[in-house]
Each structure stands twice: as structure tokens, then as C-alpha cells.
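J.: Any chance you could fold what I've pasted below:
(one chain, ligands or ions: 3)
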Amino acid sequence: MSEKLPRSMPIPQHSQPRIPRLADSQPFVDFMAKGWDSPQLTAPVDSAATQAAANHRENLSQAFTGQGIMVFAGQAPVRANDNFHEFRANSDFMYLINAQIETAVLLGHPTTDGHDFELFIPVPFAPGTADFFSNAIHGELWVGPSHKPLDWQRALGIPVRPIQELESAVRSGHFHAAGAVNATELGTLNAQDSPSLKRVLSQLRMVKDAWEIAELRASVNHTIDGFAQVLNEIPHAIRFGGERWLQGTFDRVARTYGNGPGYATIIGAGIHAPTLHWTRCDGPVSEDQLLLLDMGVEERSCYTADVTRTFPVAGTFTEAQRQVHDLVEKSHRAGLAALAPGKAYSDFHFACMEEIAKGLHDWGLLPVSVDEALSPTGQHHRRWLVCGVGHHLGLDVHDCSHSHYEDYQGALLQENMVLTVEPGLYFHAHDTMVPPELRGLGVRIEDDLLITATGYENLSAELPLDAAGLERWMAQAMNPAVRA
Ligand code: GLY
Ligand code: MN
Ligand code: MN
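T.: Ligands and ions are numbered 1, 2, ... in the order given. Below is the predicted model:
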């Protein structure tokens, strides 16, 4: 009665206790099989995205010659039982296919001069099968009319086959796998989780092409619009909803422009601003606070921005707030000045840290000299900046994380890399080593930078770096009439 399910599917709907067993009734199955028109479907990818993916596959093919390749799209996370959250494809799969097809597997068979690629996808259950109405994951009555292998083949320009054929397709050969779900399944597919494949993919993803840069530009621009929308909601958040209201505002913007936030949105008001990953966002917002906003829109292509600015809720920085902001700005500008092709990736880190250490020393907070603090065995300034001050950015917010240390921290900057620079100062409310007026203040400035032939372009430059500029930008954002 029901067709063989695609790989890794959870229990079909008709074997669950809470679902009435309609599929067991042959008269109902027969009745449901009739009377459906065929919808016309075009797979949702444009030719530029398809061409970019084809180029990425070719680059991988050249960088991984003679080796079998298997890249999994993955599956939607399950909270419990059959309660799925939204699917988001594995980033390596997106890089090579540029379409979010749940459960799909990209296979690359090595040839004498590269690879033959094929894509395997679950075939949606159309009218005529019991699964059409009883399979909540791939039954079209549950998920809507869906693209068939031929639709995807036309759109993507590579052979696309039903996933049930994957096992026979891998019978001869051994495959390096990325994005796999479990080791047992890999065993049955002659495949092994492959750090070397993931490393090569991370290396390729480190330098962006023109299509990827356009996606990142769109993402940053949408994110900046999100900043304006969030600031505009401050009066509401003060009255009702606090940090959560602002988080919801940004996430709605991100969901409208793209898939949603590219990482858990951070809205840190007041004493929450110094908490690096304040994603709980359950505090109030009030006039006397700083408001740290770390937010990024993930485009439909899955490329994400990652931008931070810190605003005074009242619209004007207090003297202590400005003092901290000015030092972070100085550090940020020093980091930006260290960006150019041919410079060491780690230069901007040291440039940022030097300014932070000098500033904290001037304020009398360091128990040692600046040189001692900056030495590898010192690092006293890091008490107030324990995190990194930048990273590669792309399909993942912390992109290219399967690179080796020497290919990342130890590498030189190259044209068309995209990275963040994000120094900050984080004075926790309960830190008795700082004067009372600094306790509970947190500031970060984070931009998204494209390395150009001669230096860098700040993709998020529309947001000012300095305190006075932020006050003006905020006033305009909170008064849409002026903004327009
Ligand atoms: N929002 C994460 C980061 O800045 O790295
Ligand atoms: Mn970041
Ligand atoms: Mn960030």
C-alpha cells in the first residue's frame, strides 16, 4: 500500500497512535486517488544561483581529484516525536547546489578529469498513493505540491534521481562524506565522515565569488533595515515587551527578507550588554541603558550578515557610556586599518587588542604595562574582552570553521574574503575590579568587510562607528518621517 519511504524518515503518520487510520481503508484510498489536477511547478532557483553552484562543484572537483564525494543536505530538526522545526540545509550542500532540498544527497563519482555529479532527492508523494494524504513529511496534501526529480534536474542542470536509488549508485566506490546524519547510515553507503573533504570545502568557501558577494551585500542591507526597525520599536519595548519585543522585531524582518536570523539574535539591554551571547533576551529595556544589538539576516540563499552596534536607549550617550564607546571605536578603526590583501589574517586582531590594552592602561585598570599585557603570558586586558574580534562570514556566521588553524588564523588575507571585525569591552555588573560607573556597561562594534584588491570595503558602512553618528542615525531611525 505505501511506497518505500525515503532514507531516515521518522515513523510514517499512519503508524502513529494519534492519527485516525484513514490509510487502512481501501475505499478511502481509492476515493482520495481520484479528482486531482497536476500543478505546474518550476523549481525555485534562478540561473545565477545555479551557475554559481555549478562553479563551486567544479572548484571542488579540481581540489578533490580522484576521490568520491557525498554531501548531505540534512533534515529538519525534531523537537519531539513528529514535531519538526524549520529545515535549513547544510551549508556545504548549499554551496554546491544552492537549493534547500531536505534529505537530498549530492554524489560525486571521480572521473579521469573531475567528477560526475548526481543529486538524489526524496520524491514527493503525489495523488494515487496512500502517502499522498497520510505522510506528513512528503505527502503533497500535507506539504503542498512539491518539485519532482525532473523539475529539479531542469532547474539545476545536473542529473536528479529518487533517493531510493542512492544505495545502488554507491555500490562501486568509496565516498568522503560531509553533512552526514549518522555513522551507521554512512556505513551502508560506503561512505565515511571526511575531515579532509570538509577542510577543502572550508578553504574554497573562504574566497567569495561575485554571486556570493552580491548575496552578502543584500544580507547586510536587509540587516541595516532591521536595525532601523528595531530602534523604531524602542518606545514600545520600554512600555511592553523589553528585549523580547526587539528580538521579535528583528526576527520578523529577517524572516520577511530571507529565511530568518542567521544566528540567534542578541539584544542586550543594560547589564545584559556585557554578556557575549545574550540570546535569552528576557530583560526589560529602560531609558538609562545601553542597548547592544548583534543581528544578521540570513538571505533565502542562506548567506548571512553579522552586524553589531550599541545605542543609548535614551538617544544620547552618558559620559561613561561614551568613554567606553570611544575606546571600542578606536580599537575598531585600528582593526579596519589592518585589512588588506597580503596582510596576515591575525593583524587586525593584534591591532584591535593593542588599542584596547592602551586604553585600559590609561584608565588605570591594568596591573601591568601595556607591553606586558600584550605579551602571550599577560593578556590582562582580555579580562574585559575574552572572545575573538572577528571571523570569516558567508553561508555560516562563523564561516569556514573546518579549516585548519594555519589556513585560517595563520593565513594571509586575500581579495574577496569577507570577514567581521568586532572588538568590544564588557564590564560585568559584578566586576569589582572596575569603577562603579563602568560596571554593567557593554559595547561592541561589528562590521562586515570585503577584502578588495587594494584594501577593504565596509559593507555595513551605512551604520556610523562613532557615538555622535550613532545618536544621529538613531534619531532618524526612530522618526521615519525624517528617515524618508
Ligand atoms: N553574533 C555572533 C558573532 O558576532 O560572532
Ligand atoms: Mn561576529
Ligand atoms: Mn555578531
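
J.: pretty sure Ile213 contacts Asn416?
T.: Yes: shown here, Ile213 and Asn416 form a contact pair, counting by Cβ atoms under 8 Å, at 6.8 Å. Just so you know, the C-beta spots here come from the backbone N, C-alpha and C atoms, and that holds for glycine as well.

J.: Between the two ends of stretch 371-382, how far is it?
T.: 14 Å (Cα to Cα, to the nearest Å).

J.: Tell me the buried residues in that stretch?
T.: 373-374, 378-381 (16 or more other Cβ atoms under 10 Å).

J.: same check, this time on stretch 238-245
T.: Buried positions in stretch 238-245, judged by neighbour count with 16+ other Cβ under 10 Å: 238, 241-245.

J.: Please compute how far that stretch lies from its chain's middle.
T.: On the basis of Cα atoms, centre = their mean, to the nearest Å, stretch 238-245 sits 26 Å off its chain's mean C-alpha point.

J.: which non-adjacent residue is nearest Gly179?
T.: Closest residue in space to Gly179, ignoring its immediate chain neighbours: Asn90 at 3.5 Å, by Cβ to Cβ, 6 or more residues apart in numbering.

J.: repeat for Trp278
T.: Distances taken as Cβ to Cβ, 6+ apart put Gly268 closest to Trp278, at 4.1 Å, once the chain neighbours are dropped.

J.: Tell me which helix or strand that neighbour sits in.
T.: Per DSSP states H and E: Gly268 is located in strand 266-269.

J.: touching ligand 2 at all, that strand?
T.: No: Strand 266-269 lies apart from ligand 2 when judged by Cβ under 5 Å from the ion; the minimum separation is 9.9 Å.

J.: so how far is that strand off the chain centroid?
T.: Distance of strand 266-269 from the chain centroid (Cα atoms, centre = their mean) equals 18 Å.

J.: now the buried residues of stretch 371-382 as a markdown table including secondary structure and distance to ligand 3?
T.: Formatted as a markdown table, those follow (DSSP: H, G, I helix; E, B strand; the rest coil; distance: Cβ to the ion, whole Å):
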| residue | secondary structure | distance to ligand 3 |
| --- | --- | --- |
| Ala373 | helix | 25 |
| Leu374 | helix | 25 |
| Gly378 | coil | 27 |
| Gln379 | coil | 22 |
| His380 | helix | 25 |
| His381 | helix | 20 |
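
J.: nearest to ligand 2, of these?
T.: Of all these, His381 has the smallest distance to ligand 2: 19.6 Å, by Cβ to the ion.

J.: Quick check, that closest one in contact with Glu354.
T.: No: in this structure, His381 is not within contact of Glu354 by Cβ under 8 Å, at 9.4 Å.

J.: Find residues that contact each of the two.
T.: Leu374 (Cβ atoms under 8 Å, 6 or more residues apart in numbering).

J.: Look at Ile11 and report its pLDDT.
T.: pLDDT, Ile11: 50.

J.: same deal with the one 4 residues further on?
T.: According to the predicted model, the pLDDT of Ser15 comes to 62.

J.: if we can go back for a sec, so which elements touch the helix or strand following the strand holding Gly268?
T.: Following strand 266-269 in sequence order, the next helix or strand is strand 290-295 (DSSP H and E). If you count contacts as 3 or more Cβ pairs under 8 Å, 6 or more residues apart in numbering; DSSP states H and E, strand 290-295 packs onto helix 210-232, helix 242-257, strand 266-269, strand 307-312, strand 441-444.

J.: wait, does strand 290-295 contact ligand 3?
T.: Yes: on the criterion Cβ under 5 Å from the ion, strand 290-295 is in touch with ligand 3 at Asp294.

J.: Which of the residues in that strand are classified as buried?
T.: Applying a neighbour-count criterion of 16+ other Cβ under 10 Å, one finds 290-295 buried in strand 290-295.

J.: and these as TSV, adding pLDDT?
T.: Shown next, in TSV, are the buried residues of strand 290-295 (pLDDT from 0 to 100):
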residue	pLDDT
Leu290	98
Leu291	98
Leu292	98
Leu293	98
Asp294	98
Met295	98
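
J.: Tell me the one of those nearest Asn81?
T.: Ranked by distance to Asn81 (Cβ to Cβ), the buried residues of strand 290-295 are led by Met295 at 32.3 Å.

J.: Against Ile213, how distant is that closest one?
T.: 20 Å (Cβ to Cβ, to the nearest Å).

J.: Kindly report the same for Asp347.
T.: Distance, Asp347 to Ile213, by Cβ to Cβ: 22 Å.

J.: for Pro149, what are its contacts?
T.: Neighbours of Pro149 in contact, by Cβ under 8 Å, 6+ apart: 121, 123, 160-162.

J.: which of those has the most neighbours?
T.: Ile121 (26 neighbours; other Cβ atoms under 10 Å).

J.: Over to that one: give its phi and psi.
T.: Per-residue torsions, Ile121: phi -130, psi 150 (degrees, to the nearest 10).

J.: Model confidence score at it, please.
T.: Confidence at Ile121, expressed as pLDDT, is 96.

J.: Show me what it is bridged to.
T.: With DSSP bridges as the criterion, Ile121 is bridged to Pro162.

J.: Any figure for the gap between it and ligand 1?
T.: 32 Å (Cβ to the nearest ligand atom, to the nearest Å).

J.: now the residue in the stretch 201-350 of the chain that ligand 1 sits nearest to: how far from Gly226?
T.: As assessed by Cβ to the nearest ligand atom, ligand 1 sits closest to Asp294 within the stretch 201-350 of the chain, at 4.6 Å. For Asp294, the distance to Gly226 equals 11 Å [Cβ to Cβ].

J.: check contacts around the closest residue to ligand 3 within the stretch 51-200 of the chain.
T.: As assessed by Cβ to the ion, ligand 3 sits closest to Ser91 within the stretch 51-200 of the chain, at 17.2 Å. By Cβ under 8 Å, 6+ apart, the contact set of Ser91 is 205, 302, 394-396, 399.

J.: Gly335 too?
T.: 348-349, 351-352, 389-390, 421, 423.

J.: how about a cut-off of 7 Å?
T.: Applying Cβ atoms under 7 Å, 6 or more residues apart in numbering, we find Gly335 in contact with 348, 351-352, 389, 421, 423.

J.: give me the subset of those touching ligand 3.
T.: Of the contacts of Gly335, not one also sits near ligand 3 (Cβ under 5 Å from the ion).
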